[in-house]
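Enquirer: My questions concern the predicted model and sequence given below.
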Amino acid sequence: MTDVVELDITGMTCASCANRIERKLGKLPGVTATVNYATEKATVAGSDDTATLIAAVEAAGYGATVPQAPTPTGPDGADAPVDDPAAPLRQRLVVSAVLAVPVVVLSMVPVLQFPDWQWLALALAAPVAVWGALPFHRAAWVNARHGAATMDTLVSVGVLAAFGWSLYALFLGDAGTTGMHMTFSWFATDPEASDLYLEVASAVTVFILAGRYMEARAKQQSGAALRALLELGAKDATVLRGATETRVPAASLVVGDLVVVRPGERIPSDGTVRDGSSAVDLSMLTGESVPVEVRPGDDVTGATVNVGGRLVVTVTRVGADTELARMGRLIEDAQTGKAAVQRLADRVSGVFVPIVIGLAVLAFVGWIVSGGTVTAAFTAAVATLIIACPCALGLATPTALLVGTGRGSQLGILIGGPQVLESTRGVDTIVLDKTGTVTTGAMALRSVTGSPDADDATVLRLAAAVEDGSEHPVARAVVEAARARGLDPSSASDFASAPGAGVQAVVDGDVVLVGTVRWLAESWSITVPDALAGAVDTAEAAGGTAVVVARNGAALGVVVVGDTVKPEAAEAVRRFVALGLHPVLLTGDNDGAARAVAAEVGIDEVHARATPASKLDTVRRLQAEGRSVAMVGDGVNDAAALAAADLGIAMGAGTDAAIAASDITVVSGRLTVVAEAIQLSRATLRTIKGNLFWAFAYNVAAIPLAMAGLLNPVLAGAAMAFSSVFVVTNSLRLRRFTPQS
């Protein structure tokens, strides 16, 4: 099995940094790496030698550490407070802005330029250009030492060039004379363009610091849903040992512990209810607001909320094995991937900075050769350096993935990664497993048919009284239906069963039999009237399971049970069709049962009596016909088909094998959420493409304008900062994603 190591990366400031670290790690033997600029993480496959991996990252000029679990600091087990990583950037921005505003105002408004104003402007601009822009200068120096150039190189060179030109003009030129005035121009071609660039050095620094700060804050917001999910776990738990209850940190629980969960408390870990009954709020897990009733023997999930009575739960999974931890890993894995179109952007950003520096030099030389002034040539070159922004390219995919997958976790949808998003675009056929996907997978009473000798209520009461002694799914469905109708099934005695055929018991002194027509005829010589036999045939043709109820040797009626269609199934199929998907029902059941369900939910194409192998063959045949297939299933028998489909969607209540083979997991198991998952995936992909389009378009349009002298460097700095902010803000719109019905 290939080793996968995750590292936290420090020191990255743009997409070029991430691209450079990827290349450095990729040069190690057998290693492939993906570096995510937005999450500041590297996922490395092919080596578990963390020391070598960290050394490779450091050799590229950056820092790397192995992620550490949060350490509790108090007796309540609360995590240690985490400092705001954007706070130092905010402080630098505020101080720089306060100093830069007077410089810009003095430079742009000639009427405010008092004698020797330029020296005050220099005193205010110097701290901004040196200390305010220090993160850019430091990063540019580190990269230069390693023979690399990044976005920071462009910013640092631009700011230092503007500031250095201003120093030259003040100390060696005429700009330092008393009474000197200058005018501000939006264009480099203006003959009155200033020979001081203090406002450029100051304003560009402030604009880019502001962009970095807003970008950092937006990145924090984009990962908020995942952080909120992972913070949902209970901090402590009440462990029951004998008759004594002890409060302990939830992290100290082990498999087999008994924990007491009172109303209003979170269940501290995955487990099975041992005692008590209650309603549990699963909204954090499934997105569904209606609590679910649980009783002894039912499984419960850690971090869900007990809203009813007292529960005693046996812990079955702890730590990284819990459902909450699994969801977190799935979401984090999804956020580290890259769409194919993003990989193109990465290749572009890898050579982008050297090209921009070359274009800036070309702009300067071109202006001089064509007869332009040195001032105009310098302005065009600086604007070209500052306007270029590969950051937007690097942020396009990860920020949209962060927000999209986070929003999905709130809706009970786990998306496997960017390649999954690309798959949803082309899907035109959706294949649905029947049992557990379109139907509930649980038996329920469908109908009761009485004879002239007994009404429906009598038939159901007698059947339930006999079946109360059986654990068979058919028996449980009959008993639960009787109790729901107020019929008492508890008066039977002398229970006996014939496996696969029927059961018998004494009820109110009478021998009552419940079983198949064949069993009654062969074992008890009971003849079933034609009317009741017809009811049996009709029920079985529709996919139901029919049993005949007989008393003292005479058939009294027929009870029909069967798997029930999920209430939302028909609406889900309607949504699939609205999304341009052709629905197909695929099941191992008989043809009659399959077609009955298909007719009820509105599906025309049905494939019945399918084995796991034939399910796989059906998916491949549909693909061979030119269809792009999504497969929805929940069982082990669906795993191969899920893996082979262009898009595999597992229902969250299904088996681990099905979930592992899928691309998307619908935690709630509701079929309408499958349509919502496809809608969210497509919306996230549209956002990624929109981000990349505008990032590319911005650079394609802006760099020629800067080279032509049509942009002042101040405007160039503002536009560059805005491009990154725009990409992140556009991604944040996914936080408001609402599925269309």
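Expert: Alright, I've got the coordinates.

Enquirer: that's a strand at Thr246, yeah?
Expert: Yes - residue state for Thr246 (DSSP: H, G, I helix; E, B strand; the rest coil) corresponds to a strand.

Enquirer: Torsion angles phi and psi at the closest residue to it other than its chain neighbours?
Expert: In this structure, Thr246 finds its nearest non-sequential neighbour in Val239, 5.1 Å apart by C-beta to C-beta, 6 or more residues apart in numbering. (C-beta placed from N, C-alpha, C; glycine too.) Dihedral pair for Val239: phi -90, psi 130, per degrees, to the nearest 10.

Enquirer: Identify the residues contacting Val239.
Expert: Contacts for Val239 were tallied using C-beta atoms under 8 Å, 6 or more residues apart in numbering; they are Glu245, Thr246, Arg247, Val248, Leu253, Asp257, Leu258, Val259, Val260.

Enquirer: One more: Arg446?
Expert: Neighbour list for Arg446: Ala539, Gly544, Val560, Val561, Gly562, Thr564 [criterion: C-beta under 8 Å, 6+ apart].

Enquirer: Just the buried ones from those residues?
Expert: With neighbours counted using 16 or more other C-beta atoms under 10 Å, the contacts of Arg446 contain these buried positions: Ala539, Gly544, Val560, Val561, Gly562, Thr564.

Enquirer: The third one should be in a strand, yeah?
Expert: Yes - the assignment for Val560 (three-state DSSP) places it in a strand.

Enquirer: And it, how close does it get to Ala719?
Expert: 71 Å (C-beta to C-beta, to the nearest Å).

Enquirer: Next: the fifth one.
Expert: According to C-beta to C-beta, Gly562 and Ala719 sit 65 Å apart.

Enquirer: What number of residues are in the vicinity of Glu471?
Expert: The local packing of Glu471 (other C-beta atoms under 10 Å) involves 7 other residues.

Enquirer: mind checking which helix or strand it is in?
Expert: Glu471 belongs to no helix or strand when assigned by DSSP states H and E.

Enquirer: Do you know the pLDDT at it?
Expert: We have a pLDDT of 71 for Glu471.

Enquirer: Check Ser252 too.
Expert: 89.

Enquirer: Check Val374 too.
Expert: On the pLDDT scale, Val374 gets 81.

Enquirer: ok, now which ones touch it?
Expert: Ile368.

Enquirer: For it, give its distance to Ala380.
Expert: The value you get for Val374 to Ala380, if C-beta to C-beta is used, is 11 Å.

Enquirer: and if you look at Val427?
Expert: Taking C-beta to C-beta, one finds Val427 at 49 Å from Ala380.

Enquirer: where's Ala444 relative to Gly562, distance?
Expert: 7 Å.

Enquirer: Secondary structure class of Val259, three-state.
Expert: strand.

Enquirer: thought it was touching Asp236?
Expert: No - using C-beta atoms under 8 Å, Val259 makes no contact with Asp236, being 10.2 Å away.

Enquirer: okay, the two: which has more neighbours?
Expert: Between Val259 and Asp236, counting by other C-beta under 10 Å, Val259 is the more crowded of the two (24 against 20).
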